[in-house]
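Engineer: whatever this is, show me its structure:
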Amino acid sequence: MRFLAAAIQMNSGGDKQANIDKALQLIAAAARQGARLIALPEYFSFLGSDDERQNVSEPIPGGPTVGRLAQAARQHGVVLHGGTILEGDPLVAPRVYNTSVVLDEQGRYLGSYRKIHLFDVNIPGQVESCESYTLAPGAKAVVLDSSFAKLGLTICYDLRFPELFRTLALRGAEVIFVPAAFSLFTGKDHWEPLLRSRAIENQVYIIAPAQTGCDPVGRLYFGGSMIIDPWGTVVAQAPAGEGFALGMIELEKIGNVQRQVPCRAHRRLDAYDLGRE
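Structural biologist: Numbering: from 1, shown residues only. Now for the predicted structure:
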């Protein structure tokens, strides 16, 4: 099967409705160019102060943002990965989940994934970022069936945990999403090498829509939204600023690469001592 996919790049801010309106415009533009599978970046609907996350959160799938995305998926006849949305849940309040949703061509909810790995770092005098102050971690790897491919879900910092990607690949994922708000500081050195590594070692397509520019708090984002094939080749990359990367997904490449480099068959689980270190 062959189909066009789009990884949307945004510079979201603190105005939730304005962000959603802009996302819908970019979805429509990508669909007009033939994209059948479209993905939004992390925090596409809100990228402001961490203290506001609880106030802008909503239930999933019953909230208004998923409703608007469902309408867009149905209108354009596309499978839509909704970046991430801040999901409110009384069980973890006042924290919220950072959650991805996927909708099919009829706007039906296929499933969701809550970000598992939270970025907590404190280097005195340099950087302090503690996602766990305002976010609760998810606890489940997710692979979803769609009309185009089996879809594996990850979010941003998950990219640094290859065991999650291997789990998704072993569960049959053919395309793995990495919606992100990768910082400029780490993104310039790590973003593309990590994405290409996850594609190569798991022999899957990677679709990585990202935030770019500066948010209202002054945080800078790398951008670099891209689509990568199972050989590790960058199929498409978004230009600077807001827009999207548009690339062809050819699922037969996955089998071809697996036959050329049959590394999955050569794994030595008996030698790894997984879980002991």
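
Engineer: in the protein, what helix or strand scores lowest on average pLDDT?
Structural biologist: The least trusted helix or strand in the chain, going by mean pLDDT, DSSP states H and E, turns out to be strand 127-130, with a mean of 69.

Engineer: can you name the next helix or strand after that strand?
Structural biologist: Counting by DSSP states H and E, the next helix or strand C-terminal to strand 127-130 is strand 142-145.

Engineer: ok, that following strand: who's next to it in the sheet?
Structural biologist: Strand 142-145 has its sheet partners listed here by DSSP bridges as strand 150-153 (antiparallel).

Engineer: pull the distance from the strand it pairs with to the chain's centre.
Structural biologist: Here the centre of strand 150-153 is set off from its chain's centre by 10 Å, with Cα atoms, centre = their mean, to the nearest Å.

Engineer: cool, stretch 43-60 as well?
Structural biologist: Between the centre of stretch 43-60 and the centre of its chain there are 17 Å (Cα atoms, centre = their mean).

Engineer: report pLDDT for the residue nearest to residue 114 when sequence neighbours are not counted.
Structural biologist: Distance criterion Cβ to Cβ, 6 or more residues apart in numbering; nearest residue to residue 114, sequence neighbours excluded, is residue 138 at 2.7 Å. Using the backbone N, CA and C atoms, a C-beta is placed for each residue, glycine as well. pLDDT recorded at residue 138 is 97.

Engineer: how many neighbours does residue 138 have?
Structural biologist: 22 (other Cβ atoms under 10 Å).

Engineer: kindly report the same for residue 255.
Structural biologist: Every residue meeting other Cβ under 10 Å relative to residue 255 is counted, giving 12.

Engineer: in the helix or strand harbouring it, what's buried?
Structural biologist: Using DSSP H and E, the element containing residue 255 is helix 252-260. The neighbour-count check on helix 252-260 (16 or more other Cβ atoms under 10 Å) flags 253-254, 257 as buried.

Engineer: relative to residue 33, which of the residues you listed is nearest.
Structural biologist: In terms of Cβ to Cβ, no member of these lies closer to residue 33 than residue 253, at 21.5 Å.

Engineer: count the neighbours of residue 75 for me.
Structural biologist: Neighbours of residue 75 (other Cβ under 10 Å): 13.

Engineer: extract the C-alpha set from stretch 104-120 and format it as PDB.
Structural biologist: Taking C-alpha atoms only, stretch 104-120 is exported to PDB below (Å, rounded to 0.1, in the frame of the first residue of the first chain):
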ATOM      1  CA  ASP A 104     -10.300   7.500  11.400                       C
ATOM      2  CA  GLU A 105     -11.700   8.800   8.100                       C
ATOM      3  CA  GLN A 106     -15.200   8.900   9.500                       C
ATOM      4  CA  GLY A 107     -14.100  10.900  12.500                       C
ATOM      5  CA  ARG A 108     -14.400   7.800  14.800                       C
ATOM      6  CA  TYR A 109     -12.200   7.600  17.800                       C
ATOM      7  CA  LEU A 110      -9.600   4.800  17.300                       C
ATOM      8  CA  GLY A 111      -7.800   5.200  20.600                       C
ATOM      9  CA  SER A 112      -5.400   7.300  22.700                       C
ATOM     10  CA  TYR A 113      -2.000   7.100  24.300                       C
ATOM     11  CA  ARG A 114      -0.800   8.900  27.500                       C
ATOM     12  CA  LYS A 115       2.900  10.000  27.500                       C
ATOM     13  CA  ILE A 116       4.800   7.500  29.600                       C
ATOM     14  CA  HIS A 117       8.200   9.100  30.100                       C
ATOM     15  CA  LEU A 118       8.200  12.600  31.700                       C
ATOM     16  CA  PHE A 119      11.200  14.900  31.400                       C
ATOM     17  CA  ASP A 120      12.400  16.000  34.800                       C
END
